[in-house]
Structures are given as structure tokens and as C-alpha cells.
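Asker: Only the shape, not the letters, is given here:
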Ligand SMILES: [Zn+2]
């Protein structure tokens with residue numbers, strides 16, 4: 001599933017090819033995605049010039065003067081830039097064509113993605129209740145500490161809640177808790193403020209490293225399949241069950257929390 005770093009890499013991959021271009025046509029071959037592709041898109045996007053491509057959580061926001069196309073990649077979606085006339089394959093559901101002769105192509109084999117149009121994207125029902133961006137200024141240890149008071153949910157499930165902070169997927173949550181030395185089973189309300197400072201730092205660090213790793217794939221967005229893939233970085237805990245902890249040699253433990261596997265070191269994470 002594309003996580004925040006893959007979506008951010010997609011944003012960086014497509015933006016330079018479409019900013020300042022005007023949409024000449026939109027072709028929707030399959031409207032039945034997670035939600036039906038909004039017909040407003042067909043009516044309102046053609047003729048508009050792209051001002052910027054932003055990201056909020058895992059949504060790409062393709063901004064024009066009169067509104068924004070909100071694109072979610074779902075479980076298996078990807079975007080690429082191709083030359084006009086490039087034949088579409090069976091999973092290429094939407095093309096946005098530009099006056100430059102290029103097209104933005106959205107492929108989504110499992111069709112869990114979505115495409116909406118909004119005049120006020122940040123107040124759109126999909127986006128308005130989301131927590132802050134982990135790489136933004138609002139997010140720090142004091143914020144997490146304040147939000148967590150009185151919460152009995154585990155710290156791991158707390159940081160994976162998009163209403164608390166967006167973009168901390170399962171792998172990144174395990175890794176950040178390992179780096180911060182916090183036991184993933186600990187109740188969120190029982191983690192001290194200075195430990196939240198370390199955790200916020202660790203979350204930023206693992207996401208920033210993954211985005212940096214994705215930078216090596218940017219050229220693939222033009223003419224390629226736009227598949228950013230999962231950015232391999234050295235994982236400290238995730239996927240290392242029974243392998244020695246890199247800090248203390250204790251075998252890494254795997255447990256299930258909220259139907260997701262958590263990996264941690266019983267010795268280092270308290
Ligand atoms: Zn350890």
C-alpha cells in the first residue's frame with residue numbers, strides 16, 4: 001500500500017511535469033473506484049491551469065484557480081506522466097491530458113483509490129478531521145503528549161490513528177517506537193512528555209529517511225509506470241522476529257495489535 005513517503009515521492013515526481021500546463025481533456029475509463037469518480041471533475045477540470053500539486057496525508061491535491069482534484073492512491077494505485085496517445089492498459093482508469101502533449105495517468109488494479117473535486121479541499125469530509133502532518137510545524141512531542149492524556153489505547157495504535165497524526169503506517173510506527181525505546185503496548189496516556197519528544201523526533205526521522213530513499217525513483221514518473229515501490233531503508237525492528245536486536249542482541253518479539261503485527265525489543269523498549 002502506498003504510504004506517506006510513496007505519496008510524497010509521487011507528488012514530487014509529477015509536479016514539475018504538469019504545473020503551468022492547462023488541462024485539455026479528462027478521460028475516465030472506470031468511474032467505480034472506492035467512491036465513484038466525481039462528474040464535477042469532467043465538467044470543471046478541462047480548461048484549468050495547474051497551479052501546484054500538494055499533499056495532505058496520503059491525498060494528492062492537484063490545485064487549479066477554481067478548485068482542486070483530490071486523488072487517493074488506495075491500496076495499489078500509482079500515477080505516471082506519459083505522452084499523449086500512449087495506449088492504456090486495463091487498469092489505467094483516468095487520464096488527465098494537458099496542452100503540453102503530456103498526460104497524467106492514474107492506474108489502480110484494486111480500485112480502492114478515489115478522485116474527487118472540491119472548491120475547499122481542506123474542509124472536504126475526507127480531509128477535515130485529519131491530524132497534523134508529521135513533518136509539519138504543528139507536530140511535536142508536546143502535541144502528542146497533550147492529545148494522549150487519559151488515553152488507555154496502546155501507544156502504537158495511538159500514533160497510527162490518522163486523527164492524531166497522519167501518515168504513520170504500521171512499519172513506521174514499529175520503527176519509530178524502537179528508535180524511541182518505548183514499549184508499543186504501553187498505554188498512550190502513560191508515556192511521559194520527554195519520551196514523546198523522542199518519539200516525535202523518531203517519527204519524523206523514519207519518514208524523512210523513506211522520502212529521501214524515494215528520491216532515487218523520481219525519474220521513473222515520466223514514461224515509466226510510476227510505481228514508486230516500497231522504499232527500502234534499513235529496518236531496525238520491523239520484520240525481524242527472532243533476529244537479534246541491533247542494540248542488545250535480545251531476539252525481537254512479534255505481537256499483534258489491532259490486527260497489525262508489531263515488532264519490538266522487550267529489553268530496549270520499556
Ligand atoms: Zn534491544
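Answerer: That came through fine. These numbers were taken from a predicted model, which means no experiment stands behind them. Numbers count the residues shown, from 1 in each chain.

Asker: What is the burial count for the residue in the stretch 101-250 of the chain positioned nearest to the ion?
Answerer: Closest contact between the stretch 101-250 of the chain and the ion, by Cβ to the ion, is at residue 245 (3.0 Å). The C-beta positions use only the backbone N, C-alpha and C, and glycine is treated the same way. Neighbour count of residue 245, defined by other Cβ atoms under 10 Å: 20.

Asker: Model confidence for it, exactly?
Answerer: For residue 245, the model assigns a pLDDT of 97.

Asker: Identify the residue spatially nearest to it, adjacent ones excluded.
Answerer: residue 265 (4.1 Å; Cβ to Cβ, 6 or more residues apart in numbering).

Asker: State the helix or strand in which residue 131 lies.
Answerer: Under the criterion DSSP states H and E, no helix or strand holds residue 131.

Asker: Let me see the contact set for it.
Answerer: Contact partners of residue 131, counting by Cβ atoms under 8 Å, 6 or more residues apart in numbering, are 161, 162, 163, 164, 165, 166.

Asker: In contact with residue 103, which residues?
Answerer: Counting by Cβ under 8 Å, 6+ apart, residue 103 has contacts 81, 82, 83, 84, 86, 95, 96, 97.

Asker: Swap in 6 Å and give it another go.
Answerer: 82, 84, 95, 97 (Cβ atoms under 6 Å, 6 or more residues apart in numbering).

Asker: which ones among those are found in strands?
Answerer: 82, 95, 97 (DSSP state E).

Asker: Return the distance of the second one relative to the ion.
Answerer: So the one you mean is residue 95. Distance from residue 95 to the ion, counting by Cβ to the ion, to the nearest Å: 50 Å.

Asker: Verify the stated contact: that residue with residue 104.
Answerer: No: taking Cβ atoms under 6 Å as the definition, residue 95 is not a contact partner of residue 104, at 7.1 Å.
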